[in-house]
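Novice: Just a sequence and a predicted model for now, questions to come.
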Amino acid sequence: MADPFARPLQGHVHPSSVLSPRKAFARLASLVRPMVRYEPQDPWELDTSRLPRLLAAHRRKLRAFAESWLAPRALDIDVAPHAPPGKLHPASREVLRAAGRAGHLSDLLPRPLGSLDPRLLRFPLAFPQALKAEEFARVDGGLMLLLCATGLGVAPALLAGNLGALRRTVIPAFRACERGEPHLFAFAITEPAAGSDAEESHGASLLRPGVVAKACQGGFRLTGRKCYISGGDIAKHVVVFAALEGEGMESWTAFLVPAGAEGFRVPRTELKMGMRASGAAEIELDGVFVPERDVLGGLRAGWALNRAVLNVSRIPVAAMGVGFARAALEEATAFACRFRLGGKPLVDYQDVQLTLAQMMAETNAARALVWQAAASPQARQGEAAAAKFHTTDTARRVCELAMDLLGNHAVLHEGRVEKVFRDARLTQIFEGTNQINRLAVIEEEQERLLGLLAGR
Ligand SMILES: Cc1cc2nc3c(=O)[nH]c(=O)nc-3n(C[C@H](O)[C@H](O)[C@H](O)COP(=O)(O)OP(=O)(O)OC[C@H]3O[C@@H](n4cnc5c(N)ncnc54)[C@H](O)[C@@H]3O)c2cc1C
């Protein structure tokens, strides 16, 4: 095989040239050299080395799991026929079981209650979740959502501090996951007439909620329809947000509903453009009984819980964007080095180099935004929403650059880029569209903006 270092990339001096900066640094005074001199490093290793040791070790485990379990199954699952609600592809079932045993379905609580290394509690919970979302999304968006959506379903019980629900339901479910018998949760706010209105206060103030809870002996009966609920067809518990009878969104309340309850039905899952390993389920509730003890956070606390969950969960969603951008960048880089055009590798063309540099910078900037939001001790609405819309928009741009670069090869299923593009596109829509996330940033700034207006 030819020596890859026999010649420089076109338009550059050879790395061994005296004009190559890293070589030139060797000639600086020995006192200064340690400050400026470094060896080339793999970008993933470099990022990982900058994390605190525990998070770095966690990131390594997540990548190893994604590569050994998600990567070999992703493309087949993506093109398998759309399955009826509740029917998982056999390969998805294998991944779920393995993820459960490896602790990736029960990592919202520390051991011995869940599977999170208790030493990771030193960091905000969003940080390990963001690392997981990036590593899994980089390998496969569909399986990533299949594995991560359950955390969204568990989050209201955690944030509500409902110890009874944790003891009776969440902790036994985590135990089952760790035995390789996945017990999943789902989070249901969206209704046929309420997408953005379930995520944004002004829309909510005008909405007539479609799912209603009627008080009855010992609890409530829920009636109505939810839609696009990730994993809603395979979850054993769904957190359903409902208004109290005769009241508006200010009465929204979170109910922990067992999927086996009488009157609970999943008539369909959507055949969607991406993330096809995860079902987006419609859920019908026909007088489903929920006992008082399974009201999370108390009556009329649903809106607060929903918004608090979104402020945390938008950070891992932002990290999905980073994972997709990274996947597109990796595919484009490999292609540019492999493919020859006009007698030379594509990467020798300087406009291709400019494109790769742009993709690298955008991906790194997106990750910096996510890690900054993830490191904040409080999940702040403006930071989380900005990270969510910025990184998912970045993912789409980076995917498009990859597609431009790959040409015909971009549209081939086995080339992966078209799939990454389809998967990434969904993240601009769920967890609030990116328009709604922009409005969330302004909502957070409202008092400051009103103050500025008044001072004019
Ligand atoms: C793959 C997938 C998974 C999902 N998973 C879940 C889940 O697990 N649980 C769940 O509850 N939901 C889930 N959803 C639903 C998702 O959160 C909603 O689809 C999303 O909030 C958008 O809602 P909508 O399509 O009804 O948009 P609409 O509210 O109908 O909005 C339509 C358009 O109007 C724009 N718009 C709305 N209001 C404003 C405004 N005030 N100013 C400017 N523009 C505005 C929107 O940005 C959008 O462009 C999922 C959706 C998808 C696609």
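Specialist: Perfect, I can see it now. Numbering: from 1, shown residues only.

Novice: can you give me the strands for the stretch 301-450 of the chain?
Specialist: Along the stretch 301-450 of the chain, counting by DSSP state E, counting those that start in this stretch, strands occupy 340-341, 344-345.

Novice: Would you mind measuring from the closest residue to the ligand within the chain to A204?
Specialist: Relative to the ligand, the nearest point of the chain is G195 (1.7 Å; Cβ to the nearest ligand atom). Using the backbone N, CA and C atoms, a C-beta is placed for each residue, glycine as well. Taking Cβ to Cβ, to the nearest Å as the measure, G195 falls 11 Å from A204.

Novice: For the stretch 51-200 of the chain, which segments count as strands?
Specialist: Counting by DSSP E, counting those that start in this stretch, the strands of the stretch 51-200 of the chain are 185-188.

Novice: got the residues of it near the ligand?
Specialist: When proximity is defined as Cβ under 6 Å from any ligand atom, the stretch 51-200 of the chain approaches the ligand at 149, 187-190, 195-196, 199.

Novice: switch the cut-off to 5 Å
Specialist: Neighbours of the ligand within the stretch 51-200 of the chain, by Cβ under 5 Å from any ligand atom: 187, 189-190, 195-196.

Novice: Name the member of those that has the highest neighbour count.
Specialist: Greatest neighbour count in these, by other Cβ atoms under 10 Å, goes to F187: 29 neighbours.

Novice: Tell me the strands beside the helix or strand hosting I229, with direction?
Specialist: Here I229, judged by DSSP states H and E, is contained in strand 219-230. Paired strands of strand 219-230, with direction, are strand 212-216 (antiparallel), strand 280-291 (antiparallel) (DSSP bridges).

Novice: CA atoms only: put that strand into PDB for me.
Specialist: Written as PDB, here are the backbone C-alpha positions of strand 219-230 (Å, rounded to 0.1, in the frame of the first residue of the first chain):
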ATOM      1  CA  GLY A 219     -59.400   8.800  41.100                       C
ATOM      2  CA  PHE A 220     -60.100  10.100  37.600                       C
ATOM      3  CA  ARG A 221     -61.300   8.800  34.300                       C
ATOM      4  CA  LEU A 222     -59.400  10.000  31.200                       C
ATOM      5  CA  THR A 223     -60.900  10.500  27.800                       C
ATOM      6  CA  GLY A 224     -59.500  11.800  24.500                       C
ATOM      7  CA  ARG A 225     -56.700  11.200  22.100                       C
ATOM      8  CA  LYS A 226     -52.900  11.800  22.100                       C
ATOM      9  CA  CYS A 227     -50.800  11.400  19.000                       C
ATOM     10  CA  TYR A 228     -47.100  11.100  17.800                       C
ATOM     11  CA  ILE A 229     -46.100   9.600  21.100                       C
ATOM     12  CA  SER A 230     -42.600   8.100  20.800                       C
END
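
Novice: near the ligand, anything from it?
Specialist: Yes: contact of strand 219-230 with the ligand is found when judged by Cβ under 5 Å from any ligand atom, involving 228-230.
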